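J.: I'd like to go over a predicted model; first the sequence, then the structure.
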Amino acid sequence: MGMLEILKNAWKIPDLRKKLIFTVCLLLVYRIGSHIPVPGLNPTEFQKLVEQGGQLFGFFDIVSGGAFKLATIFAMSITPYINSSIIMQLLTVAIPKLEQLAKEGEEGRKIIAQYTRYGTVILAFIQAVGLYFGIRGAVVHPGVFSFITITLTFTAGTAFLMWLGEQITEYGIGNGISLMIFAGIISRGPAALGGLANMIQVGITSGNVLLAVIKVLFIIIGFLIVIAGVVWVSQAERRIPVQYAKRVVGRKVYGGQSTHIPIKVNLAGVIPIIFAMSIMMFPSQIISFFFAKSTNGFVTFIKNFSGTIWYQVIYALLIMFFTFFYTMIVFNPIELANNMKKNGGFIPGIRPGKPTSDYISRVLNRVTWFGALFLAVISVVPVIVGNVTDTKSLWMSGTAFLILVGVALDTIKQMESQMLMRHYKGFLE
């Protein structure tokens with residue numbers, strides 16, 4: 001069933017129609033808020049600072065859907081919430097108390113969600129303070145009052161977006177946080193298309209029309225290939241066959257069925273890229289915020305390092321490292337093998353217990369190698385395409401591709417499952 005067909009069928013169901021309308025209305029609130037300016041900032045001066053900030057500020061602008069460049073209340077977008085969620089996931093593995101809470105079901109998850117909210121506000125305020133010092137040149141009347149007003153406005157904007165995302169998740173369709181990032185990236189699409197049109201216009205003016213058209217075609221074909229690759233890998237999985245032994249209890253026979261363990265090729269999703277990007281951008285972020293006007297040799301080296309081939313090599317290696325790191329956190333072969341053994345399950349040709357966990361680990365490692373290489377390539381290729389075609393736009397970065405495709409597929413799956421559930425409910429009633 002195609003995406004348009006699923007949307008059409010969902011619209012016919014009153015309950016789902018209400019959820020769709022609710023989701024669209026809240027996303028409109030998000031986009032309207034992305035044009036409300038922060039008091040005390042000069043938008044023109046702020047825009048100049050963003051353009052001088054290079055890759056770091058460019059990335060902020062993409063994720064915020066242009067709200068950053070316009071110096072609006074949603075300039076920091078939802079990134080502090082994402083960082084807080086990632087930190088809480090890691091702490092859940094590292095701290096036994098949090099791990100116990102995660103296993104306590106709904107109540108435990110509510111407490112962890114509350115900790116994530118507190119972490120979001122703290123991280124948002126820290127980021128707002130750093131941002132304030134990084135954009136001092138755009139502050140109309142520098143002082144304590146301006147500092148408090150601007151930092152608290154940025155922090156409140158992120159807190160409101162977090163609440164908005166939770167409302168969409170609870171009462172709408174799809175994951176609210178993901179949909180807001182999706183909407184932000186999509187909103188930059190027309191500007192990116194305008195950039196391609198401008199490239200052809202420049203080619204016409206300079207007399208290099210053929211070269212400009214070839215560049216544009218190269219970019220479009222590259223985008224289509226990358227999107228197809230992302231969809232393929234996002235859906236791909238390695239299925240390990242599992243057989244359950246028959247058990248006779250009284251007159252009833254239990255088990256005996258065959259099933260499989262699905263191991264997704266891209267189990268870690270976009271998280272390794274976010275981790276690697278955070279680490280790679282941290283030095284330039286500190287320098288942009290606190291040493292923007294310094295001419296020190298080390299500061300200059302860090303500023304220019306992002307444009308070198310070594311930056312891309314280290315970035316790709318970090319993505320691969322974090323892919324393995326995150327996969328090992330979320331997927332435990334030993335626990336899976338023990339659960340199978342308790343329920344009388346086994347992999348054909350493999351003995352239960354340790355041999356099973358070792359076999360699953362080997363399969364997981366091979367699959368993760370492919371996923372890690374794919375994420376590294378998908379993150380670096382758009383940069384290479386940009387360098388070859390001399391288009392430095394960050395709109396179609398590897399992260400943007402993965403988020404757009406991942407959120408679209410996840411939302412459609414949720415709509416399909418809700419329609420299926422209502423179909424069976426109607427049949428039973």
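T.: All right, it came through fine.
J.: now residue 349, what's its secondary structure?
T.: Following DSSP: H, G, I helix; E, B strand; the rest coil, residue 349 is assigned to coil.
J.: Distance check, it against residue 221.
T.: To residue 221, residue 349 is 44 Å away according to CB to CB, to the nearest Å. Placement of C-beta: from N, CA and C, glycine included.
J.: next one: residue 133
T.: Applying CB to CB, the value for residue 133 to residue 221 is 43 Å.
J.: Which one of those two is surrounded by more residues?
T.: When residue 133 and residue 221 are compared for neighbours, residue 133 comes out ahead with 14 against 11, by other CB atoms under 10 Å.
J.: for the helix or strand hosting that one, which positions count as buried?
T.: Using DSSP states H and E, residue 133 falls within helix 106-134. Buried residues in helix 106-134, counted by 16 or more other CB atoms under 10 Å: 108, 112, 115-117, 119-121, 123-125, 127-132, 134.
J.: ok so residue 262 is a strand residue?
T.: Yes. Under three-state DSSP, residue 262 sits within a strand.
J.: Could I get the contacting residues of the residue nearest to it when sequence neighbours are not counted?
T.: Nearest residue to residue 262 in three dimensions, chain neighbours excluded: residue 237, at 4.6 Å (CB to CB, 6 or more residues apart in numbering). Under the criterion of CB atoms under 8 Å, 6 or more residues apart in numbering, the neighbours of residue 237 are 262-265.
J.: Weed out the non-buried ones from those.
T.: In those, the ones that pass as buried (16+ other CB under 10 Å) are 263-265.
J.: Tell me the one of the contacts of residue 237 nearest residue 360?
T.: residue 263 (8.0 Å; CB to CB).
J.: Look up the closest residue to the closest one, ignoring the ones flanking it.
T.: Nearest to residue 263 is residue 238, by CB to CB, 6+ apart, at 4.7 Å.
J.: Am I right that that neighbour falls within a helix?
T.: No. Under three-state DSSP, residue 238 sits outside any helix and is assigned strand.
J.: any idea how far it is from residue 321?
T.: Counting by CB to CB - residue 238 and residue 321 are separated by 21 Å.
J.: Kindly report the same for residue 351.
T.: Distance from residue 351 to residue 321, by CB to CB: 32 Å.
J.: now residue 91
T.: From residue 91 to residue 321 the distance is 19 Å (CB to CB).
J.: just residue 151 next, same as before
T.: In terms of CB to CB, residue 151 sits 34 Å off from residue 321.
J.: Who has more neighbours out of the two?
T.: residue 151 (21 against 15).
J.: Look up the pLDDT of the nearest residue to residue 38 once chain neighbours are set aside for me, please.
T.: Leaving aside its sequence neighbours, residue 38 sits nearest to residue 153 (CB to CB, 6+ apart; 5.0 Å). If you check residue 153, the pLDDT there is 92.
J.: residues touching residue 153, list them.
T.: 38-39, 73 are the contacts of residue 153 under CB under 8 Å, 6+ apart.
J.: what does residue 257 give?
T.: Taking CB under 8 Å, 6+ apart, we find residue 257 in contact with residue 244.
J.: Any figure for the gap between it and residue 344?
T.: Taking CB to CB as the measure, residue 257 falls 11 Å from residue 344.
J.: tell me, what's touching these two both at once?
T.: Residues touching both residue 257 and residue 344 by CB under 8 Å, 6+ apart: residue 244.
J.: Could you pull out the helices in the stretch 201-350 of the chain for me?
T.: Remark: helices assigned in the stretch 201-350 of the chain by DSSP state H, counting those that start in this stretch are 209-235, 271-290, 297-305, 309-330, 333-342.
J.: ok, now how distant is residue 219 from residue 213?
T.: 11 Å.
J.: Looking at those two, which one has more neighbours?
T.: residue 219 (22 against 14).
J.: hang on, isn't the more buried one packed against residue 192?
T.: No. Assessed by CB atoms under 8 Å, residue 219 is found out of contact with residue 192, at 9.7 Å.
J.: burial measure for residue 98, as a count.
T.: With other CB under 10 Å as criterion, residue 98 counts 19.
J.: Where does the prediction get shaky in the stretch 101-250 of the chain?
T.: Residues of the stretch 101-250 of the chain that meet the criterion pLDDT under 70 lie in 246-250.
J.: from the middle of its chain, how far away would stretch 406-426 be?
T.: Distance of stretch 406-426 from its chain centroid, counting by CA atoms, centre = their mean, to the nearest Å, is 21 Å.
J.: Could you do stretch 185-198 as well?
T.: Chain-centre distance of stretch 185-198: 20 Å, with CA atoms, centre = their mean.
J.: again with stretch 327-345
T.: How far stretch 327-345 lies from its chain's middle: 27 Å, per CA atoms, centre = their mean.
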